[in-house]
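Novice: Have a look at this prediction, sequence included:
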Amino acid sequence: MGTSEAVLQVLSGAVPRLFHSDSCFSTSDSIYASKFRLKCSRRRASRYLQFLKCSSVLQYGVGGIGSGVPNKKADPSSLQICKCQKSESVSGVTTEDGNGAWFVDNAKNLNPINGMVNAPNVLEFQDLQHLKQENEGLKSNSANGTLRDTFHKISVDSIEDEAWDLLRESVVYYCGSPIGTIAAKDPTSSNTLNYDQVFIRDFIPSGIAFLLKGEYDIVRNFILHTLQLQSWEKTMDCHSPGQGLMPASFKVRTVPLDGDDSATEEVLDPDFGEAAIGRVAPVDSGLWWIILLRAYGKCSGDLSVQERVDVQTGIKMILRLCIADGFDMFPTLLVTDGSCMIDRRMGIHGHPLEIQALFYSALLCAREMLAPEDGSADLLRALNNRLVALSFHIREYYWVDMKKLNEIYRYKTEEYSYDAVNKFNIYPDQISPWLVEWMPNKGGYLIGNLQPAHMDFRFFSLGNLWSVASGLATMDQSHAILDLIEAKWADLVAGMPLKICYPALEGQEWQIITGSDPKNTPWSYHNAGAWPTLLWQLTVACIKMDRPEIAAKAIEVAEKRISQDKWPEYYDTKRGRFIGKQSRLFQTWSIAGYLVAKLLLADPSKAKILITEEDSELVNAFSCMISANPRRKHGRKNLKQTYIV
């Protein structure tokens, strides 16, 4: 039996059970599902069978984002419209080869009502799996292989379609225009906390996904409106945020107009940390904002945004806040616990790698976008000095592999001199037993933190991946980081990519460092939980190093569960087998991270909007610092180095 005939026979009646009740949500979600099922059914008709090419205008209005038609915030009930036309092609099977007729003929059996498809006439993901299992008895091995490929492609396409639908449903509007995406839209949870707000760090993968799709308006609006919030006068214990600080999040609120209770207006209400759990200000928001601004210009070709006076001023304010003089003598950025993606107490206060990687990337992006003018000369000079010192500091002192571990193991302590080997007075006993056994012979990574007498040897995924993408790590170090991820796949990827850090804090160490945080129990949440959103950073790093197969393998792992599990925020346990105990479902950056990873793998050249490369000036400066022995003796009269390196 030919392959096409086998597929045709199977789909046209060889299987007694093709359809079952809608499984978009479990029975426990029946309250929400009753309203959502029709929308899910309509989408699935296109997603799984692809009988119809549907153009939904839900939430986006008639024009949609990036269409050039003004968007209006319309009543969702009036936008449940679906313009459909029959499709002559399904996953490459056309009517011309004789095999498309079944799909077209059976499309007529669908019962559209007001542009919707009845739920019983929908082929779902679970049905595809059931169908695949019941046809394992086909005689031809080649037919089996092709059938598996067909079902795999249909299921993967359906996951992507579902992700796009969910991402677009998370869009937030301000004065009729799209401005961002909420953190999560979990129908099973009534306690939204601040997950109904637009977080700057959470929107980054959403913004990149829209950019890669050619939908630029929402990203442009986000950039300009968050810039307006930069100077918003907010206080926490009578202290205003530093000039240039970007908020962690904002919310669109409808308030009555002054003096007229019958009229209302929309306002943006930012949170700089004064309402956040732990009351910590975000250091990474401004850094991510600069990175997204550069990505917008490179992807859209619209450089007018970054050339605006207010945007140039915003960039400078962020840079001045970050490179301001203080008591810290290191070129790294000194921050408190909870100031980045790990926004709770996890022992990362000081100079966490994640912030340093974002800081380095933002400096490179800003230098590329700053307009050459007299007022920028001093800032550019300071920026270049910081780039050289920061890159040397991280590459030299944060790097560990078997060779470096053996060197630390033999460190002498209490050295006082300019040419000391153990500059930070690290005690060899800090090398944990887990690290001795865990470190592979091939590979290495950048440690999580470095301070006097303290090295945090935990592996932090975002910091290492973004060090690769930004060029903070050398080429050899970048390959070694990916080598380590491959060597420790069972620990870092396991059942769901990707561990936020490794290993988890346990026992008395967990009690002391986290303050007995019940959300950050071992192998949960920030304490070595698995975060699907990290897929997109892994993909960017792999593409830069020309090793996309690593990211493709991780995405394949995620696709086995993430849609069925309703796109959780994070996963628990050492192997990432359980949905996080307090994990929000339909987490937007889990959805967007998956989409960005898929889009970049489909066209790796698009990763250039996120990748930064060192120029010859930086490479030469760094080479000079390496060639001159960093352990050389300094004379006080000739000591002109601004930062400790």
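Specialist: Everything's here; your move. Numbering: from 1, shown residues only.
Novice: Wait, a helix at Leu319?
Specialist: Yes - assigned with DSSP: H, G, I helix; E, B strand; the rest coil, Leu319 falls within a helix.
Novice: Hmm, Ala366 and it touching each other?
Specialist: Yes - proximity of Leu319 to Ala366 meets the contact threshold set by C-beta atoms under 8 Å, at 5.8 Å. Every residue, glycine included, has its C-beta placed from N, CA and C.
Novice: Overlap in contacts, these two.
Specialist: Contact criterion C-beta atoms under 8 Å, 6 or more residues apart in numbering; residues shared by Leu319 and Ala366: Leu383.
Novice: Checking my notes, Val255 in a helix, right?
Specialist: No - using three-state DSSP, the assignment for Val255 is strand, not a helix.
Novice: In the stretch 51-200 of the chain, where is pLDDT below threshold?
Specialist: 51-153 (pLDDT under 70).
Novice: Next, count neighbours for the residue nearest to Ile342 when sequence neighbours are not counted.
Specialist: The shortest distance from Ile342 to any non-neighbouring residue, by C-beta to C-beta, 6 or more residues apart in numbering, is to His526 (4.6 Å). Residues within reach of His526, counting by other C-beta atoms under 10 Å, total 23.
Novice: Check what contacts stretch 364-377 and list those residues.
Specialist: Outside stretch 364-377, the residues that reach it (C-beta under 8 Å, 6+ apart) are 290-291, 293-294, 297, 306-307, 312, 315-316, 318-319, 379-380, 383-384, 387, 470-471, 612, 614.
Novice: Got a quick PyMOL command for the buried subset of these?
Specialist: A single PyMOL command selects the buried members of the contacts of stretch 364-377 (16 or more other C-beta atoms under 10 Å):
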select buried, resi 290+291+293+294+297+306+312+315+316+318+319+379+383+387+470+471+612+614
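Novice: Filter the contacts of stretch 364-377 down to the ones in helices?
Specialist: The helices, defined by DSSP state H, take in 290-291, 293-294, 297, 306-307, 312, 315-316, 318-319, 379-380, 383-384, 387, 470 from those.
Novice: what does the top strand by length along the chain rub up against?
Specialist: Using DSSP state E to assign secondary structure, the strand with the most residues in the chain is strand 260-271. Residues outside strand 260-271 that contact it (C-beta under 8 Å, 6+ apart): 174-175, 194, 197, 225, 228-229, 232, 234, 247-257.
Novice: Separate out the buried members of those residues.
Specialist: Among the contacts of strand 260-271, those classed as buried by 16+ other C-beta under 10 Å are 174, 194, 197, 225, 229, 232, 234, 247-252.
Novice: can you redo those as JSON lines with secondary structure and distance to Ser339?
Specialist: Converted to JSON lines, the buried ones among the contacts of strand 260-271 look like this (DSSP: H, G, I helix; E, B strand; the rest coil; distance: C-beta to C-beta, whole Å):
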{"residue": "Tyr174", "secondary structure": "strand", "distance to Ser339": "27"}
{"residue": "Asn194", "secondary structure": "coil", "distance to Ser339": "16"}
{"residue": "Gln197", "secondary structure": "coil", "distance to Ser339": "18"}
{"residue": "His225", "secondary structure": "helix", "distance to Ser339": "23"}
{"residue": "Leu229", "secondary structure": "helix", "distance to Ser339": "18"}
{"residue": "Trp232", "secondary structure": "coil", "distance to Ser339": "19"}
{"residue": "Lys234", "secondary structure": "coil", "distance to Ser339": "17"}
{"residue": "Pro247", "secondary structure": "coil", "distance to Ser339": "13"}
{"residue": "Ala248", "secondary structure": "coil", "distance to Ser339": "10"}
{"residue": "Ser249", "secondary structure": "strand", "distance to Ser339": "14"}
{"residue": "Phe250", "secondary structure": "strand", "distance to Ser339": "18"}
{"residue": "Lys251", "secondary structure": "strand", "distance to Ser339": "21"}
{"residue": "Val252", "secondary structure": "strand", "distance to Ser339": "25"}
